[in-house]
Structure formats: C-alpha cells, structure tokens
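In: give me a 3D structure for the following:
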Amino acid sequence: MRATRFTALAAIMLVLVTGCTSEKGEPGRTGPPRPGALRIVAGSEQQSVVDTIVKPWCASRRYTCEVTFKGSVDQARMLASGSRDYDAYWFASSVFLQLGDRASALQDVRPMFLTPVIFAAWRSEMTRLGFAGRSDVPIADILTAVESGRTRVWITNPTQSNSGAAVLFGFMNYFAGNGPGTPLTQQQLDSPAVEQGVTRFIKAMDQTPPSTGTLMTECLAHPDQCRAMFTYEDLVIEKNTELVKAGKEPLLVAYPRGSLAVSDAPLGFLPHDANDGARRIFTELQDHLLKDADAQAALLKLGRRPAASVGLTLDKPDPAVFNPAWGIQGTINEQGIQYPSAPVIQAALDRYQTRYRRPVAAYYCLDGSGSMRDNDGWTGIQAAAGQIFDPDQAARNFLQTHPQDATTVTIFNGGVTGGSPWQVRGNDGGALRDLARKVTDYEPEGGTNMYACLLRATQELTGPQTGDRKRLVVLMTDGQSSAKQRDEALSALKSAGVPVVAIAFGRDADPRQLEEITAATNGTLVQQNDLVAALRQAAGYK
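Out: Numbers count the residues shown, from 1 in each chain. Here you go, the predicted structure:
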C-alpha cells in the first residue's frame with residue numbers, strides 16, 4: 001500500500017428500534033422475537049434507506065422493526081451457521097448472500113433497488129485523466145490509468161466489502177474475456193490471464209479499506225491521498241450533494257464499459273420457530289419498498305434505481321439527484337455482469353488474501369497491563385487472536401495470512417513483556433496457531449508503557465527484511481501510558497512513515513496520547529469496546 005495514511009474504523013453495530021426502544025446489536029445476540037416484531041440484519045449500505053423509508057413506515061403502522069447493521073462477512077457467517085437471531089437478511093449485493101445462503105435457507109429473496117459500482121474521481125483528476133465529459137469509459141482505459149500510476153486509486157477490501165468484491169469480479173470477467181451475461185468459471189479463475197491480470201490490478205491500489213463507508217469518508221477527508229476510487233453510484237450522489245453545498249469540488253463518475261457490476265440489495269426472510277408474525281411484516285415491507293409510489297420516489301431521491309425498472313434506465317430522472325454534471329447517467333444501456341457461483345466466489349476471495357494482494361508486515365502492540373484483566377479486555381484480545389491468527393478461524397473471516405506476510409505480536413505493560421515479541425514469517429498453520437496460543441496463555445499484569453512497544457515496532461518495520469511488504473502497526477490499549485520513551489518513540493514513528501491504527505478500549509484509555517501517535521503517522525484512532533470487531537477491522541487492511 002503506497003499511501004501513507006491508513007484508517008481502521010471499527011465496525012459500528014447500530015440497532016434502530018421503531019415504535020419501541022433501542023439497543024445495541026451484539027455479536028452473540030439471542031432470544032426469542034417479540035410478538036409482532038421484525039428483526040432485520042442489514043449492511044451499512046442500507047442505513048439511509050432504513051432511516052428515511054423503513055423506520056417511518058414501521059412507525060406509521062405501529063410495527064416493531066429492529067434493524068441491526070453488520071458487515072458482509074458477519075452476515076454471511078451468521079446465515080451459514082444457522083443463527084436464528086434475525087428474521088430477515090438484507091445484503092448489499094448477492095455476492096455475500098450466495099456465500100452465506102448455500103443451504104437456501106432464505107425465502108422470498110428479492111432485490112430492493114439497484115446501484116452500479118462505478119469509477120469516481122475528483123473533477124480535476126477526471127479532467128486530467130481525460131475521462132470528464134465522456135458518456136462511458138472502456139474498462140481498458142480505466143485499467144491503464146490505474147496500473148500506470150497516473151492516479152492514486154482506492155478500493156475496498158474485496159473479502160470484507162461488497163463493493164470491492166463487485167469490482168473484483170467485474171475485472172475478473174474482463175480478464176477472462178466474458179461478456180456481461182457470462183459468469184466467471186472455476187477454469188477461468190485458474191487461468192494465467194485472470195491470475196496475472198487481477199494480481200496486477202489489486203497491487204496497483206493505494207489503499208484497500210475494509211468498508212465502503214470508511215473508504216468514502218477517508219477519501220473525502222484526504223484528497224491528496226485519494227484521487228480516485230471504485231464505489232457505489234448512490235454513495236457518490238449522496239456525498240456530492242454535501243460537497244457542492246459546502247462549496248467544494250465534486251466527484252465525477254465513469255461507468256466501466258465492458259465490466260459494469262451492479263449492487264442489487266437483496267432482502268430475504270429466514271423462517272424459524274415463533275416468527276410467523278414477522279413474516280407478515282416482512283412481506284408488507286417488501287411490497288412497500290417495491291410497489292408504493294411514495295417509497296419508490298424516496299428511493300430515487302436517495303439515488304437508488306428501482307429494481308423493477310428496465311435494466312438501469314430511469315424514466316425522467318431528477319437532474320438534481322442523477323446530475324449529468326457529475327457524469328451520472330439516467331440511462332445506462334449496458335447490462336451488469338453476472339456473478340459467479342458460490343464456490344467460485346469463495347475460491348476467488350480466498351485467493352485475494354493468499355495470492356493477489358501485496359504481502360503485509362503487520363506489527364501488533366497489545367496492552368497486557370493489569371487493568372486488562374480487571375475489565376475483561378484480555379478476554380476480548382484472546383478471542384480476537386483466535387479469529388485473526390488461527391488459520392481456520394481466519395479463513396472463515398476471509399483474513400488469511402499471505403505466504404509472504406510477516407506477523408509480529410508484542411505484549412506490553414511497563415515494557416515489552418510475556419516473552420514477546422513473537423513473529424511468524426509466512427502462513428505456516430502450526431506457527432500461527434502457536435502465536436494465537438501464546439497470546440491466549442498470557443496473564444495480564446503491571447503498568448502501561450505503550451511507547452516501548454512502538455519503538456520495537458519501528459525497529460522491526462524499518463529493517464531491510466520487510467522487503468516489498470506493506471507495513472502497518474496496530475496498537476491497542478485501555479489506559480494512560482507512562483510518558484517514558486515518548487519523545488523517542490514519536491520521533492522514530494515520524495521517521496519510519498509507518499501508519500498506526502490505535503484502538504482505545506474502555507473509558508480509561510487516554511485519546512490524547514493516541515491522537516498524538518496517529519497524527520504523527522497519518523494513522524487513525526478507533527474508540528471501540530468490542531476488541532474482536534476492532535482487531536478484525538484492522539486486520540481487514542491486508
């Protein structure tokens with residue numbers, strides 16, 4: 001990753017309860033549904049639709065509608081595991097739905113709206129690239145601009161985000177020579193043309209944040225780092241409205257001709273004991289979103305294209321929303337690509353982590369002070385270590401270790417402790433399980449000096465042995481650190497140019513110290529009490 005700024009915003013799980021109370025959605029949420037309640041787990045991409053359309057509709061009918069927002073991988077894993085915590089699943093697209101619903105457990109699955117995945121860049125950048133004012137841009141032209149280094153391009157991690165996965169399969173179709181209606185096959189996935197093409201493409205990306213929202217937020221905040229991106233059309237419309245209102249330069253859009261991917265927002269019902277009442281609400285909600293004139297108008301105002309329209313063509317689109325000055329086209333004649341079967345999707349995402357992406361030198365600094373025992377923080381660290389380092393669990397999260405990765409874990413209290421640092425070079429399963437075991441076996445004790453670990457990290461990551469690997473430090477702490485070695489550590493961090501993702505756990509963590517560190521490294525501060533989610537999110541930058 002050539003950009004110097006990394007961001008690891010932890011996955012925020014938010015629950016909106018309409019006509020009742022609100023509560024946070026937790027990973028292990030269980031319990032029978034309330035009579036007359038509909039519990040939906042949705043991708044964060046549906047947030048504005050839920051707030052603008054679903055929530056008011058439920059309230060007007062006095063229905064209890066609980067919507068929990070989770071990432072694509074979490075949704076797929078829950079569905080595949082047979083979880084009965086929710087009555088309905090609302091994915092961003094059919095890619096991760098296919099992975100999670102191989103047993104065909106969902107019923108009445110229907111797309112709620114459509115949005116193309118597009119190439120977007122700042123207006124000045126699009127003009128410089130020669131793409132401004134063109135009705136469509138061949139995918140070969142976009143590929144040339146990306147691979148030549150003429151612009152700095154971001155894409156979400158395909159194994160963690162639907163938008164990134166959609167782009168990945170769009171380009172795979174292109175390298176395989178497929179037309180839009182022909183899905184990628186396993187034989188094509190194994191071919192040198194696809195293998196070499198997609199590896200070149202992925203390695204040309206400057207950053208690969210693990211979520212679409214994170215990508216857009218950070219790209220807008222740092223236009224010097226992010227000049228172009230692959231993202232959703234509706235999100236560009238939403239953000240351009242804000243940019244223009246603030247008097248700022250908007251993004252322009254290009255539709256990749258020959259490999260256009262489309263997000264279809266499929267919503268399906270999961271039947272199980274005691275949720276018959278939920279099915280009635282679900283059916284009414286689907287009908288409302290697909291057939292009600294006011295709901296359709298509201299979706300269009302949010303930049304979503306109706307699922308019932310002819311392809312991607314709109315009838316008299318509102319130019320204030322589908323703005324031609326931004327390159328937005330009301331009529332798109334091209335057919336979206338057909339996504340491959342679930343086994344091919346699985347194989348492609350696995351290969352992203354172990355073959356396509358650039359190797360990473362990741363250094364974890366984990367707080368092992370006594371307070372981590374008292375506030376159950378170490379329990380979260382132990383659980384996260386298994387999910388990130390253990391090969392079997394990491395594979396379920398699409399966080400596999402690359403054969404050329406270097407993974408280092410250091411535990412600190414008053415200094416480096418516990419026999420660490422421990423390092424695994426490559427992806428040997430036994431060594432990675434042993435790394436997870438060492439973290440799990442440690443007993444928290446002592447004070448807190450995170451600077452000692454950061455100094456060790458800079459020494460490791462600035463050595464010649466890092467080679468062509470990307471570099472990343474993940475720092476997690478729950479308290480205020482001793483200032484001993486502060487000046488030395490900050491100086492070393494600035495010189496190294498290695499970004500730090502700092503995770504503040506608990507109410508006693510000092511955000512001022514962590515903000516100082518992230519500012520010195522163009523990193524990011526994350527305040528998150530779910531350490532499994534936070535550390536998985538940070539690992540998603542691979």
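
In: going forward, measure contacts between C-alpha atoms and count neighbours the same way
Out: Fine.

In: so who does Gln188 touch?
Out: 176, 194 (C-alpha atoms under 8 Å, 6 or more residues apart in numbering).

In: to which secondary structure element is it assigned?
Out: helix 186-189 (DSSP states H and E).

In: buried set for that helix?
Out: Buried residues in helix 186-189, counted by 16 or more other C-alpha atoms under 10 Å: 188-189.

In: then stretch 428-438?
Out: Those would be 431-433, 435-438, for stretch 428-438 by 16+ other C-alpha under 10 Å.

In: closest to Gln187 among the residues you listed?
Out: Using C-alpha to C-alpha, Leu432 comes nearest to Gln187 of the buried residues of stretch 428-438, at 31.1 Å.

In: measure the residue nearest to Leu312 when sequence neighbours are not counted to Ser93 for me?
Out: Nearest non-adjacent residue to Leu312, counting by C-alpha to C-alpha, 6 or more residues apart in numbering: Ile332, 5.5 Å away. Using C-alpha to C-alpha, to the nearest Å, Ile332 is found at 19 Å from Ser93.

In: okay, these two: which has more neighbours?
Out: Each of Ile332 and Ser93 has its neighbours counted (other C-alpha atoms under 10 Å); Ser93 has more, 25 against 17.

In: what's near enough to touch Leu299?
Out: Leu299 touches 49, 113, 305-306, counting by C-alpha under 8 Å, 6+ apart.

In: can you check Leu455 too?
Out: Counting by C-alpha under 8 Å, 6+ apart, Leu455 has contacts 488-489, 492-493.

In: try 10 Å this time
Out: 485-486, 488-493 (C-alpha atoms under 10 Å, 6 or more residues apart in numbering).

In: now render these as a markdown table, adding distance to Arg77, pLDDT and neighbour count.
Out: As requested, the contacts of Leu455 are arranged in a markdown table below (distance: C-alpha to C-alpha, whole Å; pLDDT from 0 to 100; neighbours: other C-alpha atoms under 10 Å):
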| residue | distance to Arg77 | pLDDT | neighbour count |
| --- | --- | --- | --- |
| Gln485 | 43 | 94 | 14 |
| Arg486 | 41 | 94 | 19 |
| Glu488 | 43 | 95 | 13 |
| Ala489 | 40 | 94 | 21 |
| Leu490 | 40 | 93 | 20 |
| Ser491 | 42 | 93 | 12 |
| Ala492 | 40 | 94 | 21 |
| Leu493 | 37 | 91 | 23 |
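
In: name the nearest of those relative to Ala42.
Out: Leu493 (38.6 Å).

In: was I right to think the closest one contacts Val500?
Out: Yes: the criterion here is C-alpha atoms under 10 Å, and Leu493 meets it with Val500 at 8.8 Å.

In: now for the two: what residues contact both?
Out: 454, 517-518, 520-521.

In: where in the stretch 251-400 of the chain is pLDDT low?
Out: Scanning the stretch 251-400 of the chain for pLDDT under 70 picks out 274, 309-310.

In: the strands in it, which residues?
Out: Using DSSP state E, counting those that start in this stretch, the strands found in the stretch 251-400 of the chain span residues 251-254, 256-257, 261-263, 266-269, 305-306, 360-367.

In: got the contact list for the helix or strand where Asp487 lies?
Out: Here Asp487 sits within helix 486-496, counting by DSSP H and E. Contact partners of helix 486-496, identified using C-alpha under 10 Å, 6+ apart, comprise 449-459, 461-463, 471, 498-500, 513, 516-522.

In: repeat the analysis, applying 6 Å as the threshold.
Out: 451, 455, 520-521 (C-alpha atoms under 6 Å, 6 or more residues apart in numbering).

In: output that helix as CSV, nothing but the C-alphas.
Out: The C-alpha trace of helix 486-496 is given here as CSV (Å, rounded to 0.1, in the frame of the first residue of the first chain):
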residue,chain,number,x,y,z
ARG,A,486,7.5,9.1,24.4
ASP,A,487,9.8,11.6,22.6
GLU,A,488,12.0,8.8,21.2
ALA,A,489,9.0,6.8,20.0
LEU,A,490,7.3,9.7,18.3
SER,A,491,10.5,10.7,16.6
ALA,A,492,11.0,7.1,15.4
LEU,A,493,7.4,6.8,14.2
LYS,A,494,7.6,10.0,12.2
SER,A,495,10.9,8.9,10.5
ALA,A,496,9.6,5.4,9.7
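
In: need the next SSE after that helix, C-terminal direction.
Out: Scanning forward in sequence from helix 486-496 by DSSP H and E, the next helix or strand is strand 500-504.

In: what packs against that following strand?
Out: strand 470-477, strand 524-527 (3 or more C-alpha pairs under 6 Å, 6 or more residues apart in numbering; DSSP states H and E).

In: which secondary element of the protein has the worst mean pLDDT?
Out: The weakest-scoring helix or strand in the chain, judged by mean pLDDT, DSSP states H and E, is strand 15-18 (a mean of 33).

In: so what touches the helix or strand following that strand?
Out: Where DSSP H and E defines the elements, the next helix or strand beyond strand 15-18 is strand 37-42. The contact list for strand 37-42 (C-alpha under 6 Å, 6+ apart) reads 64-69, 86-91, 278.

In: farthest-separated two in these?
Out: The farthest-apart pair in the contacts of strand 37-42, when distances are taken by C-alpha to C-alpha, is Thr64 and Phe91, at 20.6 Å.

In: these two: who's more crowded?
Out: Shown here are Thr64 and Phe91; by other C-alpha under 10 Å, Phe91 has more neighbours (28 against 23).

In: what's the separation between that one and Asp51?
Out: From Phe91 to Asp51 the distance is 16 Å (C-alpha to C-alpha).

In: do Gly277 as well
Out: 23 Å.

In: just want the most central residue of this structure.
Out: Most central in the chain under C-alpha atoms, centre = their mean is Ser211, positioned 2.1 Å from the mean C-alpha point.

In: pLDDT below threshold where in the chain?
Out: Short version for the chain, where the test is pLDDT under 70: 1-36, 274, 309-310, 465-467, 541.

In: just to revisit the earlier point, my guess is the residue nearest to Leu312 meets Gly311, correct?
Out: No: Ile332 lies out of contact with Gly311 (C-alpha atoms under 6 Å); the separation is 7.8 Å.

In: what's around the nearest residue to the residue nearest to the centre of the chain once chain neighbours are set aside, how many residues?
Out: Distances taken as C-alpha to C-alpha, 6+ apart put Ser161 closest to Ser211, at 5.4 Å, once the chain neighbours are dropped. Neighbours of Ser161 under the rule other C-alpha under 10 Å: 26.

In: I'd guessed Ser161 sits against Thr208; true?
Out: No: using C-alpha under 6 Å, Ser161 makes no contact with Thr208, being 10.0 Å away.

In: what strand or helix carries Val109?
Out: strand 107-111.

In: adjacent strands (with direction) for that strand?
Out: strand 266-269 (antiparallel) (DSSP bridges).

In: only the buried residues of the strand it pairs with, if you could.
Out: Buried residues in strand 266-269, defined by neighbour count with 16+ other C-alpha under 10 Å: 266-269.

In: now swap in stretch 186-199 and tell me
Out: 188-189, 194-195, 197-199.

In: with only the CA atoms kept, save it in PDB.
Out: Output in PDB follows, covering the C-alpha atoms of stretch 186-199 (Å, rounded to 0.1, in the frame of the first residue of the first chain):
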ATOM      1  CA  GLN A 186     -13.500 -22.100 -12.000                       C
ATOM      2  CA  GLN A 187     -11.500 -22.900 -15.100                       C
ATOM      3  CA  GLN A 188     -11.200 -19.200 -16.000                       C
ATOM      4  CA  LEU A 189     -10.300 -18.400 -12.400                       C
ATOM      5  CA  ASP A 190      -7.400 -20.900 -12.700                       C
ATOM      6  CA  SER A 191      -6.200 -19.400 -16.000                       C
ATOM      7  CA  PRO A 192      -3.000 -17.300 -16.200                       C
ATOM      8  CA  ALA A 193      -4.900 -14.400 -17.800                       C
ATOM      9  CA  VAL A 194      -7.100 -14.000 -14.800                       C
ATOM     10  CA  GLU A 195      -4.500 -14.700 -12.200                       C
ATOM     11  CA  GLN A 196      -1.900 -12.300 -13.600                       C
ATOM     12  CA  GLY A 197      -4.400  -9.600 -14.600                       C
ATOM     13  CA  VAL A 198      -6.200  -9.400 -11.200                       C
ATOM     14  CA  THR A 199      -2.900  -9.500  -9.300                       C
END
